[in-house]
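In: This is a predicted model, with the sequence first.
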Amino acid sequence: GAVVSQHPSWVICKSGTSVKIECRSLDFQATTMFWYRQFPKQSLMLMATSNEGSKATYEQGVEKDKFLINHASLTLSTLTVTSAHPEDSSFYICSAPPGQGAGELFFGEGSRLTVL
Amino acid sequence: AQSVTQLGSHVSVSEGALVLLRCNYSSSVPPYLFWYVQYPNQGLQLLLKYTTGATLVKGINGFEAEFKKSETSFHLTKPSAHMSDAAEYFCAVKLGQTGANNLFFGTGTRLTVIP
């Protein structure tokens, strides 16, 4: 079945540094990927839609300059948290639809970011 | 606009008892509905989905859900809970076949299974 992989699973960084999270579709091509953020014991909130070959579409309230998204190829999207601060600490999850009209999304394992 | 409401943020059942996790949706067009499970510090795994056709859908791990249009519900059930079912469960909705591919998630229900 379709597999989505995220890396790293865990990352700890100092305040002010930038962190890059990768999301790869391993056995299918994804022109679109979605980035979600999940706070402890809460639901997933869509941050942005990553589009291969074009700019990402950000949800209202998400700072595009802080959360840089690059969809460089049909199998890779990256989320870079720039100048990270403790309030950016969260669980970030990417997902991708495995095919047109398939309906469901396949999710990566998630990346837990802790900013000290 | 579409939304999903999960009643009960926390459900506890005894091992072997019936599991019932509630989900109600609102959608202006025929929805696609999903249940996902999340284990600690992991991504989401698809349990089952409803798109069209049979309203009772069966998923993995013995779970099933029934789409009831009249009640705008898509409740998740399992006849007999197992300890390994303890996890967070999310109901999600998509705007049918022609809508955007992103999903809207409910707030989640944490299932605890008591031995």
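Out: In hand now; what should we look at?

In: Neighbours of the closest residue to chain B within chain A, how many?
Out: The nearest approach of chain A to chain B comes at residue A:107, 3.9 Å away (CB to the nearest CB). From N, CA and C alone the C-beta is placed, and that goes for glycine too. For residue A:107, the count of nearby residues is 23 (other CB atoms under 10 Å in any protein chain shown).

In: Now do the contacts for it.
Out: Under the criterion of CB atoms under 8 Å, 6 or more residues apart in numbering or on different chains, the neighbours of residue A:107 are A:4, A:93, A:94, A:95, B:36, B:43, B:44, B:45.

In: mind checking pLDDT for residue B:46?
Out: If you check residue B:46, the pLDDT there is 91.

In: Per-residue pLDDT of the closest residue to residue A:74 other than its chain neighbours, please?
Out: Spatial nearest neighbour of residue A:74, excluding adjacent residues (CB to CB, 6 or more residues apart in numbering or on different chains): residue A:29 at 3.9 Å. Per-residue pLDDT puts residue A:29 at 89.

In: ok, now which ones touch the residue in chain B positioned nearest to chain A?
Out: Here chain B gets closest to chain A at one residue, residue B:43, 3.9 Å apart by CB to the nearest CB. Residue B:43 sits next to A:4, A:6, A:93, A:95, A:107, A:108, A:109, A:110 when contact means CB under 8 Å, 6+ apart.

In: Mind doing that once more with 10 Å?
Out: A:4-6, A:9, A:36, A:38, A:44, A:91, A:93-95, A:106-111, B:36 (CB atoms under 10 Å, 6 or more residues apart in numbering or on different chains).

In: Quick check: which element contains the residue nearest the centre of chain A?
Out: Nearest residue to the geometric centre of chain A (CA atoms, centre = their mean): residue A:35, 3.6 Å. Using DSSP states H and E, residue A:35 sits within strand A:32-38.

In: for that strand, packing partners?
Out: For strand A:32-38, the packing partners by 3 or more CB pairs under 10 Å, 6 or more residues apart in numbering or on different chains; DSSP states H and E come out as strand A:19-25, strand A:44-51, strand A:57-58, strand A:67-73, strand A:76-81, strand A:90-96.

In: Could you give the bridge partners of the residue nearest to the spatial centre of chain B?
Out: Among the residues of chain B, the one closest to the centroid is residue B:35, at 3.3 Å (CA atoms, centre = their mean). Note on residue B:35: beta-bridge partners residue B:48, residue B:91, judged by DSSP bridges.

In: was I right about it contacting residue B:50?
Out: Yes - using CB atoms under 10 Å, residue B:35 is in contact with residue B:50, at 9.1 Å.

In: shared neighbours of these two, anything?
Out: Common neighbours of residue B:35 and residue B:50 (CB under 10 Å, 6+ apart) are B:57, B:65, B:74.

In: Quickly note the distance from the last one to residue A:85.
Out: Read that as residue B:74. Shown here: residue B:74 relative to residue A:85, a distance of 38 Å by CB to CB, to the nearest Å.
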